[in-house]
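Colleague: would you be able to build a 3D model of this:
(2 chains)
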Amino acid sequence: MKIPVVRNILEVNDRIADQNREIFDRNRLLVINLMSSPGAGKTSLLEKTIETLKERVHIGVIEGDIQCSFDAERIAKKGVQALQINTDGACHLDGNMIREAMTQMDLSSLDLLVVENVGNLVCPAEFKVGEDMKIMLLSVTEGDDKPLKYPLMFQESRVLIINKIDLLPYVDAKVENIRKAVAQLNRDMIIFELSCRTGEGLEAWTNWLEEQVKLKKA
Amino acid sequence: MHEMSLVQNIIDIVEQEMERHGVEQLKAIHLAVGRMSAVVPEQMTLCFEILTSKTKLAGTALKMRMVPITYQCGACEREFTSEGIVSQCPSCSSENLEMIFGRELKIESIEVTD
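Modeller: Numbers count the residues shown, from 1 in each chain, chains lettered A, B, ... in the order given. Okay, here's the model as predicted:
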């Protein structure tokens, strides 16, 4: 005999994420869930973004890693609130981890909170943490076939940042191919092309981000 | 490897439902898993076996119904399933497609031993 249940497997996480979101909204705090493969440049992007915006935008960062606190140390050196979460093996951050981390931060003093997820192109896409939007980073050295290989993350994210464009002459990946694949998955995706190393293209990204912070404040 | 988290969530929900229905043992748990979700069925089964060994759910089968990716065309309203990602409606070639199924991660039912 079958007893119907019909419950979403992730209902508990979704509920906690919604509660986090309410608290963020009350503080008019823009929250970004930043995701990518390991080594795509999430922390470098944050360092550059903080350097540009920190005079005008109060930024906080929650760093998710399986082990160690290198990333939070890098971010703290930039003079912003940074908190490290070690997932002890878990491949993604979830709503509950953020709920605990939030209590250790002064949310009312922030305009922008970036949650840097564990480097992984698969798992983090399924778990909301209470963010306004998911933003993902893809570096050109990873290849232009990644959108179609890992479609979920590209569908879930509002923004794609293509990083390391200074290396394009040395790799086979083409930005055009990435854009074509993304168009199939997520027509409305906003795409930035930049290099954290040379600084090319960074301004368009930081201008856009600052605008989003203002919209959330309004 | 987020299957472990998913399976733990499944166990929590199923235990609540068993208590609510006064059920002590289950024959099977039936899931709907969308093809777009990043789930590996074999890993789910393995994680379930590991997490339920020596519990009352040990030996319960985890049955997964894989839900195909289904699009609806915004122009001609045709619904069609697809093995993978597509960008054009096979009928009218419109690119105005919405994925309506394929993202499921649901528990559909629990099956009690007769």
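Colleague: what helices or strands is the helix ranked longest in chain B leaning on?
Modeller: Using DSSP state H to assign secondary structure, the helix with the most residues in chain B is helix B:3-20. Helix B:3-20 sits against strand A:2-8, helix A:11-26, strand B:26-34, helix B:41-52, strand B:105-112, with contacts defined as 3 or more Cβ pairs under 8 Å, 6 or more residues apart in numbering or on different chains; DSSP states H and E. To be clear about C-beta, it is placed using only N, CA and C from the backbone, and glycine gets the same treatment.
Colleague: quick one, the last one and helix B:3-20 angle?
Modeller: Okay, so that is strand B:105-112. Here the directions of strand B:105-112 and helix B:3-20 differ by 40 degrees (axes from the mean of the first three to the mean of the last three Cα atoms, to 10 degrees).
Colleague: same question for strand B:105-112, mean pLDDT?
Modeller: Averaging pLDDT along strand B:105-112 gives 96.
Colleague: go on, the fourth one?
Modeller: What helix B:41-52 shows for mean pLDDT is 95.
Colleague: which residues touch that helix?
Modeller: Outside helix B:41-52, the residues that touch it by Cβ atoms under 8 Å, 6 or more residues apart in numbering or on different chains are B:1, B:3-4, B:6-8, B:10-11, B:31, B:33, B:58, B:60, B:62, B:64, B:66.
Colleague: again, only this time at 6 Å
Modeller: B:Glu3, B:Met4, B:Val7, B:Ala58, B:Leu62, B:Met64 (Cβ atoms under 6 Å, 6 or more residues apart in numbering or on different chains).
Colleague: of the residues you listed, which is the nearest to chain A?
Modeller: B:Met4 (8.0 Å; Cβ to the nearest Cβ).
Colleague: one step back: for the longest helix of chain B, the averaged confidence score.
Modeller: Across helix B:3-20, pLDDT averages out at 95.
Colleague: cool, stretch A:30-42 as well?
Modeller: Averaging pLDDT along stretch A:30-42 yields 97.
Colleague: near chain A, which residues of chain B show up?
Modeller: B:1-2, B:6, B:9-10, B:13, B:17, B:21, B:36, B:38, B:85, B:87, B:105-107, B:109-112 (Cβ under 6 Å from any Cβ of the partner chain).
Colleague: show me which of these are buried.
Modeller: With burial judged by 16 or more other Cβ atoms under 10 Å in any protein chain shown, the buried subset of the residues of chain B next to chain A is B:2, B:6, B:9-10, B:13, B:17, B:36, B:38, B:85, B:105-107, B:109-112.
Colleague: and these, which two are the farthest apart?
Modeller: Farthest pair in these (Cβ to Cβ) is B:Ile85 and B:Val112. Separation: 38.6 Å.
Colleague: returning to what we had before: distance to B:Thr70 for the helices and strands packed on helix B:3-20 - can I get that in CSV?
Modeller: Listed next are the helices and strands packed on helix B:3-20 as CSV, based on distance: least, Cβ to Cβ, whole Å:
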stretch, distance to B:Thr70
strand A:2-8, 18
helix A:11-26, 22
strand B:26-34, 9
helix B:41-52, 19
strand B:105-112, 15
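Colleague: quick one: closest of the ones you listed to A:Met35.
Modeller: Taking those one by one with Cβ to Cβ, helix A:11-26 is closest: 14.6 Å.
Colleague: state the number of residues packed around B:Arg78.
Modeller: 14 (other Cβ atoms under 10 Å in any protein chain shown).
Colleague: and A:Ser69, by the same measure?
Modeller: 15.
Colleague: next: B:Ile50.
Modeller: Other residues close to B:Ile50 by other Cβ under 10 Å number 10.
Colleague: so it versus chain A, what's the distance?
Modeller: For B:Ile50, the distance to chain A (Cβ to the nearest Cβ, to the nearest Å) stands at 14 Å.
Colleague: what's near enough to touch B:Phe101?
Modeller: B:Val67, B:Thr70.
Colleague: beta partners for it?
Modeller: B:Thr70 (DSSP bridges).
Colleague: quick check: it vs A:Asp71, distance?
Modeller: 38 Å (Cβ to Cβ, to the nearest Å).
Colleague: what does A:Val118 give?
Modeller: 10 Å.
Colleague: and the helix or strand where A:Gln155 lies, anywhere near chain B?
Modeller: Using DSSP states H and E, A:Gln155 maps to helix A:151-156. Yes: using Cβ under 6 Å from any Cβ, we find that helix A:151-156 touches chain B at A:Pro151, A:Leu152.
Colleague: what's the next secondary structure element after that helix?
Modeller: By DSSP H and E, the next helix or strand past helix A:151-156 is strand A:159-163.
Colleague: what's the angle between the helix or strand harbouring A:Leu209 and strand A:159-163?
Modeller: If you go by DSSP H and E, A:Leu209 is part of helix A:202-217. Put simply, helix A:202-217 runs at 160 degrees to strand A:159-163, going by the same axes, to 10 degrees.
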